[in-house]
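J.: Please work out how this folds:
(chains A, B, C and D)
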Protein chains: 2
Amino acid sequence: MFSKACEYGIKASLFVAQRSESPGKVRLQEIAKAISSPEAFTAKILQQLVKANIIHSRKGPNGGFYIELNELPGIKLIDVVVAIDGDKIFHGCALGLEECSEKSPCPVHEQFGIIRSSLKTMLENTSFAALMSGLDSGLTFLK
Amino acid sequence: MFSKACEYGIKASLFVAQRSESPGKVRLQEIAKAISSPEAFTAKILQQLVKANIIHSRKGPNGGFYIELNELPGIKLIDVVVAIDGDKIFHGCALGLEECSEKSPCPVHEQFGIIRSSLKTMLENTSFAALMSGLDSGLTFLK
DNA sequence: TTGAATTCGGACAAATCAATCCGAAAATAT
DNA sequence: ATATTTTCGGATTGATTTGTCCGAATTCAA
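T.: Modelled structure (predicted):
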């Protein structure tokens, strides 16, 4: 469904979010260990998230990644997905047709329209806050 | 959502199905042209569909691919998808966790469970017959 | 029975995605 | 200032997916 990069991106940003509830930054090494991801590859993905302004970073000693507490409430799952995989998953034709539209649809256009709009709605409505509470209470896991 | 191979597979098998409404077989060349797919690659995918017993083939002059008319009513979209992409799209964890289950779920387990079960239901309930009627009446297209 | 038409199968090539390596830049602490 | 710690960025490698090539096997028709 998502690229590997996007999977790591979601896990990494959730972990950073969780840690950002208390002050201090999280280092790459710590993130990669927490989510069992390859360190160097994870670094690339974190950079994408920084550029997308979802997480922030600071170099040097005591540096690392963090999320602004006042920005946290606004972050939704869809932000991370779009930052890394783009929006082709919502807009592209399920059968790869170049020109697929309401006007000239592929055979499964209607069926997939429903699935994908519900996927999009779900991603738009799923806040980091909600996902973090599961992690905080030990009901869900990142590895 | 699906691999390129699966996209071609769906289009190819729908085209073969459509042609199988009237007698005679369809040659690879014709299929590839009809769905704008690379011929040699499409051949590989057709072979997978033959092995999965969704379509049938015959070598030699006047040979080609076809679907048995009496088998047509039973074919669902999910058959083609599973034959080519397998069922990881339904069972695998959305975040790639090795051990993700009801007992020990990833943070998005519940949200994706809903999406994927509705995807599965849709694929199980979408018959070739239904998709072909759109093609026959010129309301939907394969390229 | 021979030749042509077709699918079948394996090896190969190209493109994309995943992951690594390494040095540069920035921030901090001493 | 200098050394150290960290992120940043580009080049490279490896794996998987996508796509090509070509000869073998099968079927049919003359």
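J.: helices and strands of chain A: which one has the lowest mean pLDDT?
T.: Here the helix or strand of chain A ranked lowest by mean pLDDT, DSSP states H and E is helix A:88-91, holding a mean of 92.
J.: show me the contacts for the residue nearest in space to the middle of chain A.
T.: Chain A has A:V80 as the residue nearest its centroid, 2.9 Å off, counting by Cα atoms, centre = their mean. Neighbouring residues of A:V80 by Cβ atoms under 8 Å, 6 or more residues apart in numbering or on different chains: A:C6, A:G9, A:I10, A:S13, A:L49, A:I54. Bear in mind the C-beta positions are built from the backbone N, C-alpha and C, glycine included.
J.: what's the nearest residue to the last one if we skip its chain neighbours?
T.: By that I understand A:I54. Nearest non-adjacent residue to A:I54, counting by Cβ to Cβ, 6 or more residues apart in numbering or on different chains: A:D79, 5.6 Å away.
J.: Can you report how many residues neighbour that neighbour?
T.: Around A:D79 there are 18 other residues, counting by other Cβ atoms under 10 Å in any protein chain shown.
J.: How about the residues of chain A by DNA strand C?
T.: With the criterion set to Cβ under 7 Å from any atom of the strand, chain A comes near DNA strand C through A:3-5, A:8, A:38-41, A:43-44, A:58-63.
J.: Filter those to keep only those in contact with DNA strand D.
T.: Within these, those near DNA strand D by Cβ under 7 Å from any atom of the strand are A:A40, A:A43, A:K44, A:R58, A:K59, A:G60, A:P61, A:N62, A:G63.
J.: re the thing from before, out of the residues of chain A next to DNA strand C, who's near chain B?
T.: A:K4 (Cβ under 8 Å from any Cβ of the partner chain).
J.: Please identify, among the residues of chain A next to DNA strand C, the one with the most neighbours.
T.: Result: A:Y8 is most packed of these (other Cβ under 10 Å), 25 neighbours.
J.: shaky segments in chain A?
T.: Scanning chain A for pLDDT under 70 picks out nothing.
J.: DNA strand D contacts on that one?
T.: A:27-29, A:40, A:43-44, A:46-47, A:50-51, A:57-65.
J.: Now go through these and say which are in helices.
T.: A:L28, A:Q29, A:A40, A:A43, A:K44, A:L46, A:Q47, A:V50, A:K51 (DSSP state H).
J.: Mind putting these into CSV with distance to A:L139?
T.: Below are those laid out as CSV (distance: Cβ to Cβ, whole Å):
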residue, distance to A:L139
A:L28, 27
A:Q29, 27
A:A40, 31
A:A43, 29
A:K44, 30
A:L46, 26
A:Q47, 31
A:V50, 29
A:K51, 32
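J.: and the two most separated of the residues you listed?
T.: Maximum pairwise distance among those (Cβ to Cβ): 21.0 Å, between A:Q29 and A:K51.
J.: biggest separation within the residues of chain A next to DNA strand C, which pair?
T.: For the residues of chain A next to DNA strand C, the farthest-apart pair by Cβ to Cβ is A:S3 and A:P61; their separation is 33.1 Å.
J.: need the strands for chain A, in chain order.
T.: Assigned by DSSP state E, chain A shows strands spanning A:56-58, A:64-66.
J.: Out of these, which is the most enclosed?
T.: With neighbours defined by mean count of other Cβ atoms under 10 Å in any protein chain shown, none of those is more surrounded on average than strand A:64-66, at a mean of 21.
J.: Need the contact partners of that strand.
T.: Residues contacting strand A:64-66 (Cβ under 8 Å, 6+ apart): A:16, A:19-20, A:24-28, A:30-31, A:46, A:50, A:55-58.
J.: List only buried entries from those.
T.: Applying 16 or more other Cβ atoms under 10 Å in any protein chain shown to those, the neighbour count classes A:V16, A:R19, A:S20, A:K25, A:V26, A:L28, A:I31, A:L46, A:I55, A:H56, A:S57 as buried.
J.: give the contact list for A:G24.
T.: A:G64, A:Y66.
J.: And it, its phi and psi?
T.: The phi/psi pair for A:G24 (degrees, to the nearest 10) reads phi 110, psi 160.
J.: Would you mind measuring from it to A:A17?
T.: Taking Cβ to Cβ, to the nearest Å as the measure, A:G24 and A:A17 are separated by 13 Å.
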